[in-house]
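Colleague: okay, sequence plus prediction incoming.
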Amino acid sequence: MTVRDTGGTPEGAAKAVTELVTDERAIVILGPVTSRESPGAAAEAQRLRVPIITLTQREDVVSQGDFVFRSLLTPRDEARAVAIYGTRRLLITRFAILSPGDRFGRDVAQAFADEVVALGGRVTRRASYGRPPAIPGVLASLYDRPVGEPAVAPWDALFVPDDIFAARLAAERLRGAGVTNFKLLGTGLWNTPDATLGGGLEGAVFAAPFSESDSRSPSRAFSVAYRRTFEEAPDPLAAQAHDAAALVIEMLENAGQAGPEHLRERLMVTSGIEGAAGTLRFEGGRDARRGAVLLTIRGSNIVPVSPMGNAAHPAERR
């Protein structure tokens, strides 16, 4: 295995790909690790017709060509996973969405809404805000307050695709207004120790690519090995990169004298591996099909929702 430094730029990433292929005779490439670099690396790998598995959340990177793959779970995937959980496991049919008004917030909120509707549910209220401090000003649009009557929310679960501060603020203000007994749903942005502070998010459910609390054997083994090697906790990127590398190594060990074209075809049809961050496979596409770990907050701990913990990939919902 040979490593090249991209310098953190698309041009540097493209140059690194060229060097790996021309100087090192690389037949498959893994990386780079940022969304900024990935398009440059992907375009050069496609030009040289060498398969590349990018470690980016940019879903458009695979449009560069048929040698370009992408292996990371995206916030949109996480949104779909909690929508599946809410409708299928909790049997909730009425949802509300409170999201940032930027492109990220709109895209993730729409992915959640589309999944809810596809599964027979309804999004009965939506609201957006510019910055988290503006949340109190828009919350009233999520519920009704008849004159002289308690607040009534026409929904049973609220999805907040933002950080812990925004989720906690929304939950506290809604309960203060009399809106209670709802399930709070979120994304991997909540997978931080701060989520357990104050008790305001007790019982909330969110989806993430990876968690050290995942009880599956591959996750436990990876976490132990990572801490032993680096003396720190692994993050989701480390776990997903490990799985992509493991998939490549397994393919190379079984490929014999295969070249780039053969490896590309093998990647397209691979049934994948059970890795630290769940199952990684492509199965006819170039965007990885992988589930998310569903987590909840119990007291001072973030724990899997169930012993299995993994939500099905949205493409497998039916």
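Modeller: Done, it's in. Note that the structure is predicted; figures quoted are calculated from it, not measured.

Colleague: what about the helices in the stretch 51-200 of the chain?
Modeller: Under the criterion DSSP state H, counting those that start in this stretch, the stretch 51-200 of the chain contains helices at 75-84, 103-118, 135-139, 164-176.

Colleague: what does stretch 12-24 rub up against?
Modeller: Identification of contacts with stretch 12-24 by Cβ atoms under 8 Å, 6 or more residues apart in numbering yields 2, 4-7, 26, 29, 32, 37-38, 40-41, 43-45, 48, 50, 52. All C-beta atoms are positioned from the backbone trio N, CA, C, and that covers glycine.

Colleague: how far out from the middle of the chain is it?
Modeller: Counting by Cα atoms, centre = their mean, to the nearest Å, stretch 12-24 is centred 29 Å from the centre of its parent chain.

Colleague: using PDB, list the CA coordinates for that stretch.
Modeller: Taking Å, rounded to 0.1, in the frame of the first residue of the first chain, the C-alpha atoms of stretch 12-24 are listed here in PDB:
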ATOM      1  CA  GLY A  12      -3.100  18.200  -5.200                       C
ATOM      2  CA  ALA A  13      -5.500  15.300  -5.100                       C
ATOM      3  CA  ALA A  14      -5.500  14.900  -8.900                       C
ATOM      4  CA  LYS A  15      -1.700  15.000  -8.900                       C
ATOM      5  CA  ALA A  16      -1.500  12.400  -6.200                       C
ATOM      6  CA  VAL A  17      -3.800  10.100  -8.200                       C
ATOM      7  CA  THR A  18      -1.600  10.500 -11.300                       C
ATOM      8  CA  GLU A  19       1.500   9.600  -9.300                       C
ATOM      9  CA  LEU A  20      -0.100   6.600  -7.700                       C
ATOM     10  CA  VAL A  21      -1.100   5.200 -11.100                       C
ATOM     11  CA  THR A  22       1.900   6.200 -13.200                       C
ATOM     12  CA  ASP A  23       4.700   5.700 -10.600                       C
ATOM     13  CA  GLU A  24       3.300   3.000  -8.400                       C
END
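
Colleague: buried residues in that stretch?
Modeller: Applying a neighbour-count criterion of 16 or more other Cβ atoms under 10 Å, one finds G12, A13, A14, K15, A16, V17, T18, L20, V21 buried in stretch 12-24.

Colleague: same question, stretch 287-305
Modeller: Going through stretch 287-305 with 16+ other Cβ under 10 Å, the ones that come out buried are 287-297, 302, 304-305.

Colleague: repeat that for stretch 80-96.
Modeller: 80-87, 92-96.

Colleague: for these, which one is nearest L247?
Modeller: A81 (21.1 Å; Cβ to Cβ).

Colleague: separation between that closest one and T270?
Modeller: In this view, A81 and T270 are 22 Å apart by Cβ to Cβ, to the nearest Å.

Colleague: do the same with T180
Modeller: As it turns out, when the distance is counted by Cβ to Cβ, T180 lies 47 Å from T270.

Colleague: repeat for A140
Modeller: Separation of A140 from T270 (Cβ to Cβ): 50 Å.

Colleague: can you give me the neighbour number for L98?
Modeller: 28 (other Cβ atoms under 10 Å).

Colleague: in stretch 67-82, what's buried?
Modeller: Buried residues in stretch 67-82 (16+ other Cβ under 10 Å): 67-82.

Colleague: again, but for stretch 259-279
Modeller: Of the residues in stretch 259-279, those buried by neighbour count under the rule 16+ other Cβ under 10 Å are 260, 263-264, 266-267, 270, 272-273, 275-279.
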